[in-house]
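**Student:** pasting the sequence and the predicted coordinates here, then a few questions.
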Amino acid sequence: MHQRAARRVGRGAHHVARWCGSVAAVLILVVGFAIWRLMQGPIALDWLTPYLEAALERSGVNFKVAIGHVRLGLDRATHHLDLWAEDVRLSLPGGELVARFPEITTRFEARELLQGQLMPVQLTIEHPVVHLVRDTSGSLTARLASPDDPAADLGPQILEQLAGARHSDEPLGALQRLGVRGATFIIDDQESGKSWRVDRVDMAVQRSGKGIRGDFSLTVPIGTSMPELHAQYRYFADRHVLDLDMSIDGVEPNAIPPLIPELEQLQHLQLPISGTLRTRIELDQARAQGSRLDLTLGKGRLHSEWLPQGVVDIEKGELHAVYAPESAQIELKSLALDLGGGTELLVDGSVGGVTPELIAAVHDARPAGHVTGKLNAALKNVPTGRLDALWPYAFSPGGRRWTIENVHDGIIDEAAARLALDIDPVAHTASLLDSQGRLRYHGLTVTYLEGLPPARKVDGVANFAGRSLVFVPSAGSVKGLKLTGGSLEIDEIGASVEWLTIDVPIGGPVQDALEVIDSKPLYYARAAGLDPAQVGGHADTMLHFKLPLLASLKLDQIEYGAKATLTGVSIAKVAMDRNLSGGAIALDLGRAGAHAQGTARLDGMPIKLDATVPFQPKGGPRAIYRVGLTLDAEARKRLGLDFEGRVNGAIAVDVAYSRLEGSRAQAVANLDLRAAGLAIDEAGWRKAPDTPGAAKLVIDLDRDRISQLSDVEVKAAGLDGRLGVLVSDDGKQIERIDIRRMIAGDNDFSGTVMRHAGGWHADIHAARIDARRFLKEAASDTGPPSPVPLAVTARIDRLILGPHHEIDQVSAEMLRRGGIWQTARLDGRLSTGHKVELRLGEGADRHFTFRSEDLGGTLQLLGVADNVRGGRLTIDGQMSGPAGKQTVQGHIDGEDYSIVRAPVMARVLALPSFTGVVSMLSGAGLPFSALRGDFTLSGSRVAIKNLLAFGEAIGITANGWVDTERDRLQLQGTVAPAYALNSLLGNIPVLGELFGGGSQGLFAANYRLSGSSDDPDVSVNPLSALAPGILRQLFAPLVGFPSPQSEQQAVRPPPQAGDAVSPN
């Protein structure tokens, strides 16, 4: 039984298996056929269109669905079985078009299909047209139709359904993946008024529990290129935030539509860029929450309103930046630009206050506000010629302007800076809050003041901190001067007025230093009266300038100066055609003027220098030079001031030379005479060394020529003088001397001496004049005579000829020509009140006459004798011979005088025969009635011939000579009693026969004087039996006696008888 049952079951199973196999075979055939058919291409299922539309509407999409065609086919790419719907249109229940798709490929969930629901799991939209519109408020609307189709906005609910979490009870709740292939995006930006169209856009959307993610790619014509753009994105539905990671290659940023705010600033780049942009966009606010930009820049140009020329060429570069909108800050990771020619710009740092509104705003519609930045920048290998294109106007405009105008040539090797900036994006200005950095440069040419020679080949560094930029040169030159350090400082950077301060030490030839400061507009050297070409030596100079960096700068706004140490200074023909050498001078120049002080040698003589030159004198001197030197014998000889016999020892001289208005100048010389010995022999005055003495000379000059010595003063013990000297127009000769006061020894006079008729005319008024030296020189043959004509008019209260030997109330007029006194007229009074007078040259020849009413006073005055009293004197004579070798011949005629207390005469009369005469000499005086004789004066020697003095007691003769200079004399003569002379005169008739030649003799004596005039040797030889005839022969020639024979013939009557004839 069991077996039968088993057989029945087996047969049943067999039939089932056969049936199933048959069904399976049929199914396999059907499936195989279907697969084969699908492999041949999609199968048109237009008949399913109504059913598909109704099913989709029942799925809860809340749209009316209209499908043109339906196809079923196999996707060769994915090998999935897909349903194609063509010409699909979605409409609102009211019929308003929402979207239109040329073609949709969809895949459904099998479970929902079995339940009779069409819930697409995957949609692929082919060749859709997406129309994006941004209105003027920044809001975005999306329409899935061409601009010609009046499609409605998709609305946020559709986007939220696509991007939100999947829910089976919501439309598209089962959709897992959405793809778009070959789409066309049309973008209308009403804010900018521009439109863009992008074709062949591929996009993939993958839904997740938090939102969507995916990628897209496109090739879009941007500018002249067709770059590829790739992007990955992720959307967080709960926060409405989109993360975008986009890569570009070869894009021209200025052609990119400015739909993303962060890309707005890329419009300034006119060059191809490649790289990535990572950003997070808050869709509710239509703004980015943060971005990162990593770009590689190709060759092109960068446009910016911050650049002076608005553009700069770029060879290549890199940009890495991060933007955080929540803090309104851009963190510039790095910006590296190759500017060509080896120039590079490297920047990193951060910029705050950069709001999304500021980023998105157009150039001329930026919101008010300030942007602060902290940047590290390095600019390398920049030729100074490119600074004009690279230095922004807003950064230190004054410093920029000065640098562009005054720095040329050379290279900025590197400029590295840490900057804190306050930027006004509306006004396009920047204030420097803080800065620190360093520059290196070489080979610069720097013009520090217009007109002055520039500094060349300047190397060095520059440091800046805060609001100050300091250049520190290490090498360079100005003409032949070498820079040895110093600084150029620009401070108050960012202020309304920036300042430049230059303090630069330079060293080199003094000539080059003077040429620098003598350039326009300074002209310092010529203001100081120096010709740089005539100056040698070495100068170490510190130049100083301070000026505001203004667009229009005037010289009086510049503070300038120089401090120099000059060594080895030499100046050719600095004064009196003398050279200055070996100078060590400190020079201080400033706006007010120049001051120099130091030491040097003038023609080998040590001197001290002190000069002050005001550059803007107001009524005072234009320059003051002080020279101090000591004139010893050697120095005086060098200067041609060797007053031999008048000056010995050293004289300290301090000369102050002042240049005045026009061509005028004045020199004031102060002389310290303490150490010097001085002598004015003409005045009998001497000063011993180491006794006080001083002199002052005020010299007025015009066109560097002496016009006058307006004041000459000299003071010492026994010397007090003040005079003025007027010089000719050519400054070569003295025209007039005004002697205001002159006290020298026993001289006290004033007056004028002026040039007249080729010589001089002196008009002298004197309280007293010491003429001893004058008389001595006039009597000697020593020294060459002066050939200059001299006329003298003098009024002298006291004319001193010796101790207690004076003439009072002297008036004189004298003329000297050819070294010889040609005429003279002199009147005066002796101390006794008697008149004396001298007349010379009143006739045609040089005859002279001297008359005195007091013979004794005159002899005492002349120092001949002081023991003669009374009498009158007349001297007639003739002057002859050349100047300096003159001879005076004259005749003396005196009368009515007496001699008292004459020791030498007493010794001559020491014989017993003259006892009574000697007693008269020692008593009331020995009277004389006449004095006659001849003399010849040559030099200091007076030759006496036939001199006779006779009176009531004696008669005396003299012949010989007297040398006043040597104080020697040699005289000889005869002395006889008065009765013998009277006998000769015939006054005693009783003795008359003696004259006839009687044999009786008369007593007389010969004498001889020799030696010193004060105490000569005296010898007397008595003549006891002197014949009357011999005595007569001795005296007759002196007194004009006739010879004995002629006298006898004239007075004797005819012979009478008995007369005795005396033999003669």
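**Tutor:** Looks like it arrived, so ask away.

**Student:** now the strands for the stretch 901-1050 of the chain?
**Tutor:** Using DSSP state E, counting those that start in this stretch, the strands of the stretch 901-1050 of the chain run over 926-938, 941-950, 954-963, 968-977, 1002-1012, 1016-1026.

**Student:** among the ones you listed, which comes closest to residue 228?
**Tutor:** Nearest to residue 228, of all those, is strand 926-938, at 136.2 Å by C-beta to C-beta. C-beta coordinates here come from the backbone N, C-alpha and C atoms, glycine included.

**Student:** other SSEs contacting the closest one?
**Tutor:** Where contact means 3 or more C-beta pairs under 8 Å, 6 or more residues apart in numbering; DSSP states H and E, strand 926-938 is packed against strand 887-899, helix 915-922, strand 941-950, helix 1028-1039.

**Student:** please point out which parts of stretch 93-109 sit buried.
**Tutor:** Using 16 or more other C-beta atoms under 10 Å as the test for burial, stretch 93-109 gives 97, 98, 99, 100, 101, 103, 104, 105, 106, 107, 108, 109.

**Student:** ugh, wrong one, I meant stretch 893-906
**Tutor:** 894, 895, 897, 898, 899, 900, 902, 904, 905, 906.

**Student:** name the nearest residue to the fourth one, sequence neighbours excluded.
**Tutor:** In space, residue 898 comes closest to residue 925 once its chain neighbours are excluded; the distance is 3.6 Å by C-beta to C-beta, 6 or more residues apart in numbering.

**Student:** check the third one too.
**Tutor:** Leaving out its chain neighbours, the residue that sits closest to residue 897 by C-beta to C-beta, 6+ apart is residue 871, at 2.6 Å.

**Student:** tell me the contacts of that neighbour?
**Tutor:** Contacts for residue 871 (C-beta atoms under 8 Å, 6 or more residues apart in numbering) come out as 854, 855, 856, 894, 895, 896, 897, 898, 928, 931.

**Student:** re the thing from before, residue 318: which of the strands of the stretch 901-1050 of the chain is closest?
**Tutor:** Among the strands of the stretch 901-1050 of the chain, the nearest to residue 318 by C-beta to C-beta is strand 926-938 (118.8 Å).

**Student:** quick one: strands adjacent to that closest one?
**Tutor:** strand 887-899 (antiparallel), strand 941-950 (antiparallel) (DSSP bridges).

**Student:** only alpha carbons, please: show it as CSV.
**Tutor:** What follows is strand 926-938, C-alpha atoms only, in CSV (Å, rounded to 0.1, in the frame of the first residue of the first chain):
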residue,chain,number,x,y,z
LEU,A,926,133.2,187.3,30.3
PRO,A,927,131.6,189.8,27.8
PHE,A,928,132.1,189.6,24.0
SER,A,929,131.0,192.1,21.6
ALA,A,930,131.4,190.1,18.4
LEU,A,931,131.4,186.5,17.1
ARG,A,932,132.3,185.8,13.5
GLY,A,933,133.4,182.8,11.5
ASP,A,934,132.7,180.3,8.8
PHE,A,935,131.6,176.7,9.1
THR,A,936,130.9,173.7,6.8
LEU,A,937,128.5,171.0,7.9
SER,A,938,128.7,167.6,6.3
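
**Student:** if you count neighbours, what's buried in it?
**Tutor:** The neighbour-count check on strand 926-938 (16+ other C-beta under 10 Å) flags 926, 927, 928, 929, 930, 931, 932, 933, 934, 935, 937, 938 as buried.

**Student:** and the residues you listed, which is closest to residue 121?
**Tutor:** Nearest to residue 121, judged by C-beta to C-beta, of the buried residues of strand 926-938 is residue 938 at 162.7 Å.

**Student:** with adjacent residues omitted, what lies nearest to that closest one?
**Tutor:** Here the residue nearest residue 938, using C-beta to C-beta, 6+ apart, is residue 887, at 4.7 Å.

**Student:** how near is the spatially closest residue to residue 569 that is not a sequence neighbour to residue 624?
**Tutor:** Nearest residue to residue 569 in three dimensions, chain neighbours excluded: residue 583, at 2.8 Å (C-beta to C-beta, 6+ apart). Note on residue 583: its distance to residue 624, by C-beta to C-beta, to the nearest Å, is 18 Å.

**Student:** next: residue 822.
**Tutor:** 49 Å.

**Student:** then residue 85?
**Tutor:** Using C-beta to C-beta, residue 85 is found at 111 Å from residue 624.
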